[in-house]
Structures are given as C-alpha cells and as structure tokens.
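>>> Sharing a sequence plus its predicted fold:
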Amino acid sequence: MIITTAYSGKTVGVLGLGRSGNATVAALAAGGAKVVMWDDVPNANKMQDMAFHSARAMPPEQWPWGELAAFIISPGIPLTHPAAVRAREMHCPILGDIELLYESCPQARYIGITGTNGKSTTTALIGHILTHAGLKPQVGGNLGTAALSLSPLGEGGTYVLEMSSYQLDLLQRTKFDIAVHLNLSPDHLERHGDMDGYLAAKRHIFDRQGNNDMAVVGIDDAYSEGLCRALIAEKTRRVIPISAMGPVQQGVFAQGGNIISRLEKTERVADISRIPSLRGAHNGQNAAASYAVCLAYGLSHEAIVEAMQSFPGLPHRMQWLGTIGGVQFVNDSKATNSDAAEKALLTYDPIYWIAGGVAKEGGIESLLKYAPRIAHAFLIGEAEEMFAQVLEGHVPYTRCGTMEAAFAQAALMARKEGKKDAAVVLAPACASFDQYKNFEERGAHFVRLVEELRDGK
Ligand code: ADP
C-alpha cells in the first residue's frame with residue numbers, strides 16, 4: 001500500500017468510496033491527513049467510518065471547504081457532481097488517485113496505457129513481459145489493483161497503469177515515460193460530449209512528455225492516426241506508430257500471425273500465431289503495442305518473444321479454456337455488445353455460439369455477416385426472443401433459457417458433429433444483469449461448466 005505524506009496535517013475531501021476511493025482514504029489517513037469523505041451509496045460511508053480514526057464520513061455540503069488542500073474524486077463520478085462544482089468554485093485542486101501515486105513515488109518509471117479497447121489486455125501483457133524478464137513491475141490502475149493499493153517503488157521500479165479517459169482527465173503533474181494509445185471508437189460520449197472531447201481526454205496521456213519519453217500510438221482508426229501525426233509534428237518525444245492492419249515504417253505491426261518490428265536496422269519478426277491468449281486481429285494490435293513498449297523499455301527482441309509465449313491472457317476476454325473431445329471452449333463473457341462479440345466470431349470457425357442476456361442498443365444485426373461461421377446459436381436470457389427474430393432464416397438456433405441448458409446442448413452438438421476446429425464460444429453480445437451480478441460472474445459460470453465437463457461430471 002502507498003502512504004501519501006504530502007497532505008500530512010492537512011484536510012482532504014474524498015468523493016467515491018469504491019475500490020480506488022477506499023485505497024485513497026487509507027493512503028491519506030496513513031500519511032497523517034485528515035480526511036472527509038462521502039459516497040452517494042450510504043453503506044459505503046458506514047464501513048469507512050469504522051475503518052479509520054482520522055477519516056470522517058459526512059456529506060460534501062458539510063465539508064470544511066475553506067480548509068481543503070485537495071479534492072480527490074473517483075474516476076467514475078462525473079465532474080458535474082455538485083461536490084466537484086463546489087471544488088472548482090473554491091479553487092480547490094481536483095485530483096485522482098493516479099496523481100497521488102505519482103506524487104508519492106516520483107522516482108519510479110511510469111508506463112500508461114489507454115484506448116477504447118484492449119487497455120486491460122495490453123496492460124497485462126506488458127506487465128507479464130516485464131515480469132518474465134526478471135523485473136518486478138507493479139501493474140494496476142483501472143485494471144485489477146487500485147493505484148494506491150500497489151506497492152511503493154523508488155528509482156528503478158516501474159508502474160504499468162491502465163488509464164481510462166476519466167482518470168486521464170484528472171491528471172495534473174503525472175508524466176508517463178512510455179505512454180500508449182491503442183485506438184478510439186465511440187464510447188463514454190455522455191461524459192466527453194463528442195468524439196473530439198473523448199480524443200482530447202485520451203491525449204492527456206502524452207502531456208508533459210519530453211525528449212527522453214516515448215509515445216506508442218495505434219494508427220488503425222482515423223482519430224488515432226490523426227493523433228499520431230500531430231504528436232510526430234510536435235517533435236517533443238519519440239513516437240512509435242503501431243498497426244494491426246499492415247506495414248508501418250519505423251513502427252511495429254501485426255501481419256499473418258506475426259508481429260513485425262521495423263524499429264531497428266533489420267526487420268525482426270515474432271510468431272504469435274500459436275499463442276492461444278493472443279488470437280484474433282485485435283490482439284495483433286495489443287501485441288504490437290506491447291512489443292514496442294518493451295523494446296523501448298530496453299528489453300531484447302528475444303526476451304519479449306519468449307515472454308509472450310507464456311501470456312495467460314485475461315479471464316473473460318476470449319479466454320481459451322482448452323479442448324475437450326476435439327472441441328475448443330472459449331469464454332468471452334466481457335463481450336457485452338455486438339462490436340466486442342464480433343472479435344470472437346472473426347476468430348473461430350465453426351462456432352457453437354452462446355449469446356443473450358440484456359440486449360444493448362444496436363442489437364446483433366451487424367453480426368449476421370458471420371452467419372456462415374456460426375454452426376448453431378444457443379440463446380439465453382431476456383434477449384432470446386429478439387435475437388431469435390434476427391437469426392431466423394440466417395442461422396440455426398435453439399432457445400435455451402439458461403446457461404446450463406445452452407452449454408449442455410452446445411457441447412453435445414459440437415462433439416457429435418465432429419467438425420475440425422469447432423469451438424463453443426460464450427460471446428453474449430449482451431449485458432448480464434438479468435441472470436448474473438456482472439460479466440465476471442457469468443464467465444465464471446461458463447468456466448465451471450467447462451471444468452465439470454472435463455472432469456466428466
Ligand atoms: P478494455 O480494458 O479496453 O475494455 P480489454 O483488454 O478488457 O479492453 O478487452 C475487452 C474486449 O475488447 C475484448 O474481449 C475484445 O473483444 C475487445 N478488444 C481487445 N483488444 C482490442 C483491440 N486492440 N481493438 C479492438 N477490440 C479489442
């Protein structure tokens with residue numbers, strides 16, 4: 001855990017007492033700050049009040065605003081929240097937990113990763129490669145461990161941080177030695193206003209970089225390519241373009257199952273086609289970015305390629321669970337909309353597809369183009385009826401109701417038909433809230449069913 005001493009003896013307001021807010025209160029309290037804190041969910045306040053002597057839960061209207069040295073807001077809370085408005089009126093600095101980490105451990109190196117998709121995978125992959133090479137990076141931020149729950153690091157230590165656009169909006173002094181922006185597609189526009197606002201937030205990951213710093217930028221969508229060009233034109237840092245769509249001069253790209261680097265005098269090629277956790281074109285982008293970062297960090301081509309082979313992948317993101325009786329099983333529970341589910345449909349063929357839950361706007365019409373790869377669809381949850389109507393006449397389907405029923409029928413049919421490369425894939429293209437607490441619980445259920453099948457239960 002980080003101990004933040006910069007606010008010792010001072011009063012700090014903390015809004016939002018979830019994972020990152022909890023860690024923030026602990027770090028500030030341990031460092032001798034007086035903390036006033038609040039969460040709009042009442043239970044969170046009670047628990048915190050019991051945990052710390054120097055922290056008091058009280059509504060922001062009652063905070064001693066004139067005394068506050070800083071206002072720390074959880075990234076998920078919009079800056080239009082009345083407490084944030086009040087902070088601005090009072091000229092109180094508004095910060096996030098990443099800023100406190102940076103203030104507390106200024107000697108360490110910082111690698112930051114952002115983008116609309118692939119942040120978690122790329123963060124985990126970079127963390128894995130550095131760890132495999134014998135370094136001891138601390139990996140977290142938006143992914144996994146909250147920034148202030150990580151261990152303190154001094155000179156020679158490295159933080160690998162997944163950064164959401166919300167977290168980037170809150171940075172003041174943090175500077176990334178290596179900053180990655182992967183891609184941009186419409187998301188979170190209710191907060192950022194429009195795509196330009198969203199891009200502007202992402203761009204903060206490159207703020208304050210200088211000559212010795214590095215920007216790794218995906219160029220596969222028009223917004224990100226424009227950003228890459230603008231950064232090159234600035235000439236303040238080294239910029240490495242990356243692509244999953246074709247050759248890039250002085251960059252790194254994915255092509256035909258290989259990662260190809262044109263960063264050194266001679267071209268270097270890394271074969272990633274047999275790494276189950278990196279299957280799919282989208283993972284080509286994640287792998288190219290990770291390669292570029294680790295080379296810039298100082299690792300050798302050989303060390304990077306060797307480490308990539310043992311990347312276990314992240315749970316619920318096209319997680320390959322192995323083969324049983326000639327059939328592959330893939331848990332892509334994180335694919336909660338059709339865009340994300342498309343990645344799995346593009347990667348496997350033939351697919352025994354488990355889909356459904358709470359449908360998102362846009363539905364699954366866009367996925368009909370993959371009909372030839374879908375051997376059969378097994379529908380669950382609220383979206384069953386709607387999905388059945390869309391698939392009618394294009395894809396054979398069965399309305400199964402529950403995951404158990406869908407899994408049993410999909411596994412049986414795939415095995416019976418005995419087609420080469422067959423895969424039972426959970427890629428719901430839906431939220432999970434009708435039947436599960438979240439996508440993690442849904443994915444864990446699928447994994448359990450696979451394990452039971454493997455054990456012959
Ligand atoms: P994030 O942390 O940005 O949400 P993840 O690494 O958790 O991203 O991946 C979430 C989903 O997004 C994956 O299941 C996959 O379908 C898709 N995805 C992953 N990487 C990329 C990428 N580079 N480009 C587009 N989609 C991606």
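Received the coordinates, thanks.
>>> Now stretch 255-271 - C-alpha only, PDB.
Provided in PDB are the C-alpha atoms of stretch 255-271 (Å, rounded to 0.1, in the frame of the first residue of the first chain):
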ATOM      1  CA  GLN A 255       0.500  -9.400 -40.100                       C
ATOM      2  CA  GLY A 256      -0.400 -13.000 -40.800                       C
ATOM      3  CA  GLY A 257       0.100 -14.200 -37.200                       C
ATOM      4  CA  ASN A 258       3.400 -12.300 -36.800                       C
ATOM      5  CA  ILE A 259       4.500  -9.200 -35.000                       C
ATOM      6  CA  ILE A 260       6.900  -7.400 -37.300                       C
ATOM      7  CA  SER A 261       9.200  -4.600 -35.900                       C
ATOM      8  CA  ARG A 262      10.800  -2.000 -38.100                       C
ATOM      9  CA  LEU A 263      12.300  -0.200 -35.200                       C
ATOM     10  CA  GLU A 264      15.800  -1.400 -35.600                       C
ATOM     11  CA  LYS A 265      18.200  -1.600 -38.600                       C
ATOM     12  CA  THR A 266      17.000  -5.000 -39.500                       C
ATOM     13  CA  GLU A 267      13.400  -6.100 -39.500                       C
ATOM     14  CA  ARG A 268      12.500  -8.500 -36.600                       C
ATOM     15  CA  VAL A 269       9.700 -11.000 -36.800                       C
ATOM     16  CA  ALA A 270       7.900 -12.600 -33.800                       C
ATOM     17  CA  ASP A 271       5.500 -15.500 -34.500                       C
END
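>>> next one: it to chain centre, how far?
25 Å (CA atoms, centre = their mean, to the nearest Å).
>>> residues of that stretch that come out buried?
255, 258-263, 268, 270 (16 or more other CB atoms under 10 Å). Any C-beta I mention is one placed from the backbone N, CA and C, and that applies to glycine too.
>>> excluding its backbone neighbours, what's nearest residue 401?
residue 380 (6.3 Å; CB to CB, 6 or more residues apart in numbering).
>>> What's opposite the one you found in the beta bridge?
Residue 380 forms beta bridges with residue 356, residue 401, as assigned by DSSP bridges.
>>> Could you count how many residues lie near it?
26 (other CB atoms under 10 Å).
>>> That one touches residue 353, doesn't it?
No. Using CB atoms under 8 Å, residue 380 is not in contact with residue 353, being 11.0 Å away.
>>> what does the chain have sitting close to the ligand?
117-121, 182-183, 282, 285-286, 317-318, 332, 334-335, 340, 343 (CB under 6 Å from any ligand atom).
>>> How about the contacts made by residue 428?
Residues in contact with residue 428, defined by CB atoms under 8 Å, 6 or more residues apart in numbering, are 333, 335-336, 341, 354-357, 380-381, 442.
>>> The host helix or strand of residue 26 - what's its average pLDDT?
Residue 26 is located in helix 19-30, with elements delineated by DSSP states H and E. For helix 19-30, mean pLDDT rounds to 93.
>>> again with stretch 79-86
95.
>>> could you point out which element follows the worst-scoring helix or strand of the chain on mean pLDDT?
In the chain, no helix or strand scores lower on mean pLDDT, DSSP states H and E than helix 42-51, which sits at a mean of 63. Scanning forward in sequence from helix 42-51 by DSSP H and E, the next helix or strand is strand 55-57.
>>> This completes my enquiry, with thanks.
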